[in-house]
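Engineer: Here is my input, please return the structure:
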Amino acid sequence: MMETNNSLVSIIVPVYNVVEYVFRCLESLAAQTYSPIEIIVVDDGSTDGCAKICDDFARDKEQFTVIHQFNAGLSAARNTGLNYCHGKYITFVDSDDSVEPDFVSELLKCITEKRADIAVCGIDVLNESGKKVDHQVLRPHVLTSFEAMDCLAKRENGLYTVVWNKLYSSNLWRDLRFPEGRQHEDTFVMHRLYHQANCVAFTDKVLYNYLLRSQSIMHKEYSVSNLDEVEAFCDRVDYCREQGVMGACMDTAMYFAIGALAHGYAVLDCKDGEIQRRLQECRSLVLYAYEGSKHWLSRKTKLVMFIFRLSPWLFVGFYRIHLLMKK
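Structural biologist: Just a heads-up that it's a prediction; the model follows:
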């Protein structure tokens, strides 16, 4: 029998120095048509006035809770929300984004009708002036956990690979947290979430408004911390091997790990001691992940790895030519 829509939903909102956008985000959450909800706003040590905006907005609003902490990064802020929340279902909204009034109700309807553990919606992409620059609609369908994991191989479709624009059964987060002190935190967790889910349901409703912001983490200049992506993809390869998931998810994660490492070699100052150490550490992770998974990888990925092992700098030369051809 289908569950009635009266389950508590927790919305986790990490906030850090987005004073121009946070009020709009909070307004969109306060306008949700669904009840009961709890909105957990985690101020991660903002220094631009966000903390006061959040406190003032949440005053006299029973569904809002504001938590203040020293700056520890996006993963830590999300983890604080996860540690505090009580909902049967959980969703994440970034504090420079906003959602439609029926964001929660439509995703909950999708998750209950399809008896899924994850529901996913489409997004509108807005520029900093508020103009819509992209409209991404999903086809209504349901995937098994393994099919959803293989969708992570489609890197061009970011809707599969991020934690926002989704509603989750809280059971999926019982023993899972974001890796603190790392970038590309979503890449570390999405394969685990899909693998644990009984199935993943997609709606054709466009419910999430993503702000394309020049100062966001995603658009900062490439630095050594971006090599965390190599570690995240190697972690995915190792997880797939341990869980016996020998499909496109593993193969493409290995391919992406090699590519991410090559990109680091191509654009970073390899004479810098700290960068050298991190590149060597990531190279060791890639080699370890490959040795454990090579029997299940495609010829394409094996060829890429063969060239990389033969001469990392030869591979980087090919990669640089590839980057120039894409311009």
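Engineer: mind showing which ranges of the stretch 51-200 of the chain have poor pLDDT?
Structural biologist: By pLDDT under 70, the low-scoring segments of the stretch 51-200 of the chain are 155-157.
Engineer: which residues in it form helices?
Structural biologist: 74-84, 103-113, 145-151, 185-196 (DSSP state H, counting those that start in this stretch).
Engineer: the strands in the stretch 1-150 of the chain, which residues?
Structural biologist: Listed in chain order, the strands found in the stretch 1-150 of the chain under DSSP state E, counting those that start in this stretch are 9-15, 37-44, 64-69, 89-92, 98-99, 118-126, 132-136, 141-144.
Engineer: would you turn the ones you listed into CSV with mean neighbour count and distance to residue 289?
Structural biologist: In this view, the C-beta of every residue, glycine as well, is placed from N, C-alpha and C. Converted to CSV, those look like this (neighbours: other CB atoms under 10 Å; distance: least, CB to CB, whole Å):
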stretch, mean neighbour count, distance to residue 289
strand 9-15, 25, 29
strand 37-44, 24, 31
strand 64-69, 17, 34
strand 89-92, 24, 28
strand 98-99, 22, 36
strand 118-126, 22, 26
strand 132-136, 12, 31
strand 141-144, 15, 25
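Engineer: Next one: the nearest residue to residue 100 once chain neighbours are set aside, what pLDDT does it get?
Structural biologist: Leaving out its chain neighbours, the residue that sits closest to residue 100 by CB to CB, 6 or more residues apart in numbering is residue 207, at 4.7 Å. Note on residue 207: pLDDT of 98.
Engineer: from memory residue 207 sits against residue 106, does it?
Structural biologist: Yes: in this structure, residue 207 is within contact of residue 106 by CB atoms under 8 Å, at 5.8 Å.
Engineer: Find residues that contact each of the two.
Structural biologist: Applying CB atoms under 8 Å, 6 or more residues apart in numbering, one finds that residue 207 and residue 106 are jointly contacted by residue 121.
Engineer: How about the backbone phi and psi for residue 257?
Structural biologist: Listed backbone geometry of residue 257 is phi -60, psi -40, with angles given as degrees, to the nearest 10.
Engineer: could the helices of the stretch 51-200 of the chain go into CSV alongside distance to residue 203 and mean neighbour count?
Structural biologist: Output for the helices of the stretch 51-200 of the chain, formatted as CSV (distance: least, CB to CB, whole Å; neighbours: other CB atoms under 10 Å):
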stretch, distance to residue 203, mean neighbour count
helix 74-84, 23, 20
helix 103-113, 5, 22
helix 145-151, 15, 20
helix 185-196, 17, 22
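Engineer: the strands in the stretch 151-300 of the chain, which residues?
Structural biologist: 166-169, 199-211.
Engineer: Show me what the last one pairs with in its sheet, parallel or antiparallel.
Structural biologist: Using DSSP bridges, the strands paired with strand 199-211 in its sheet are strand 98-99 (antiparallel), strand 118-126 (parallel), strand 141-144 (antiparallel).
Engineer: now those strands in CSV, with distance to residue 232?
Structural biologist: As requested, the strands paired with strand 199-211 are arranged in CSV below (distance: least, CB to CB, whole Å):
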stretch, distance to residue 232
strand 98-99, 26
strand 118-126, 19
strand 141-144, 22
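Engineer: Distance check, the nearest residue to residue 24 once chain neighbours are set aside against residue 198.
Structural biologist: In space, and not counting its chain neighbours, residue 24 is closest to residue 98: 5.4 Å by CB to CB, 6+ apart. Note on residue 98: its distance to residue 198, by CB to CB, to the nearest Å, is 30 Å.
Engineer: Same question for residue 171.
Structural biologist: Spatial separation of residue 171 from residue 198 under the definition CB to CB is 10 Å.
Engineer: what sits in contact with each of those two?
Structural biologist: residue 117.
Engineer: between the helices of the stretch 51-200 of the chain, which gets nearest to residue 178?
Structural biologist: The closest approach between residue 178 and any of these, judged by CB to CB, belongs to helix 74-84 at 3.6 Å.
Engineer: Need the pLDDT of residue 225.
Structural biologist: pLDDT, the model's per-residue confidence, is 93 for residue 225.
Engineer: So what's the residue count around it?
Structural biologist: For residue 225, the neighbour count with other CB atoms under 10 Å is 14.
Engineer: what's the closest non-adjacent residue to it?
Structural biologist: The shortest distance from residue 225 to any non-neighbouring residue, by CB to CB, 6+ apart, is to residue 183 (5.2 Å).
Engineer: I figured the one you found hits residue 228, correct?
Structural biologist: Yes: using CB under 8 Å, residue 183 is in contact with residue 228, at 4.5 Å.
Engineer: wait, what's in contact with residue 212?
Structural biologist: Applying CB under 8 Å, 6+ apart, one finds that residue 212 lies in contact with 125-128, 133.
Engineer: now it: how far from residue 129?
Structural biologist: From residue 212 over to residue 129 the distance is 10 Å, taken as CB to CB.
Engineer: Same check on residue 243?
Structural biologist: Distance check for residue 243 against residue 129: by CB to CB, it reads 45 Å.
Engineer: No further questions, thank you.
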